[in-house]
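# mind folding the following:
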Amino acid sequence: MTAYIALLRAVNVGGTGKLPMTELTAMCEAAGFEKVKTFIASGNVVFTSNKSEKAVKAALEAAMEKYAGKPVGVMVRTAAEMAAVRDAIPFPDAPGNRVAATFLDEAPPKDALAKATNVDGEEMALGEREIYIRYTDHGMGNSKLKIPAAKSGTARNMNTVAKLAEMAGKL
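The predicted structure is shown next:
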């Protein structure tokens, strides 16, 4: 069995709307996933499965579309991949709530950072399938930063990334 983390895009933050974590747990269990646990009410779930990453993603996206009535993006990582994201943080001295990883399905384009707009002190770096962003003391919520390559991704701060890596590592 592989331990996975699924990150839903735009859950409980607008767009897709509210999704009780009990519903997300039930969807995962109905898809055949085991040891399902959610973390904070923003679309984070860890579980084990014998399915491939691609099959896990497809199953969750189908369940979410049925639930929401429209497509919902789902990013999937293994426990090892999430730990690697946590360990590769390019801004290790910044507080975990000021650094986010935007998770993508594919590697970000090499010019992704050059195409960013409204940069106001934020620092950015490319990861394997992530874009890391260090926000200023004004925080993520007040940032006007736009990264076109990150539009279809979903971001989590490094405190959340570390907790999800820990939870999945225990499965």
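# low-scoring pLDDT stretches of the protein, where are they?
Along the chain, segments meeting pLDDT under 70 span 11-17.
# could you redo the last one with a cut-off of 80?
In the predicted model of the chain, residues 10-19, 41-42 satisfy pLDDT under 80.
# contact partners of the longest helix seen in it?
If you go by DSSP state H, the chain has its longest helix at helix 53-68. Residues external to helix 53-68 that are found in contact with it (Cβ atoms under 8 Å, 6 or more residues apart in numbering): 4, 6, 8, 16-17, 19, 23, 27-28, 30-33, 49, 51, 71-78. In this view, the C-beta of every residue, glycine as well, is placed from N, C-alpha and C.
# check stretch 2-10 too.
Against stretch 2-10 from outside (Cβ under 8 Å, 6+ apart): 15-16, 19, 24, 28, 33, 42-50, 53, 56-57, 60, 64, 72-79, 82, 103, 152-154, 156, 164-165, 167-169, 171.
# domain ranges for this protein, per the record?
2-80, 88-169 (automatic domain parsing).
# can I get these in a markdown table with mean neighbour count?
Converted to a markdown table, the domains of the chain look like this (neighbours: other Cβ atoms under 10 Å):
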| stretch | mean neighbour count |
| --- | --- |
| domain 2-80 | 18 |
| domain 88-169 | 17 |
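# surely L171 and S49 touch.
No. If you go by Cβ atoms under 8 Å, L171 and S49 don't touch, sitting 10.3 Å apart.
# between these two, what contacts are shared?
With Cβ under 8 Å, 6+ apart, L171 and S49 have common neighbours M1.
# how far away from the center of its chain is stretch 117-127?
In terms of Cα atoms, centre = their mean, to the nearest Å, the centre of stretch 117-127 is found 18 Å from the chain centre.
# contacts for that stretch, please.
Residues from elsewhere that reach stretch 117-127 (Cβ under 8 Å, 6+ apart): 85, 88, 90-91, 101, 107-108, 110, 112-113, 116, 131-136, 143-147.
# brilliant, that's me finished.
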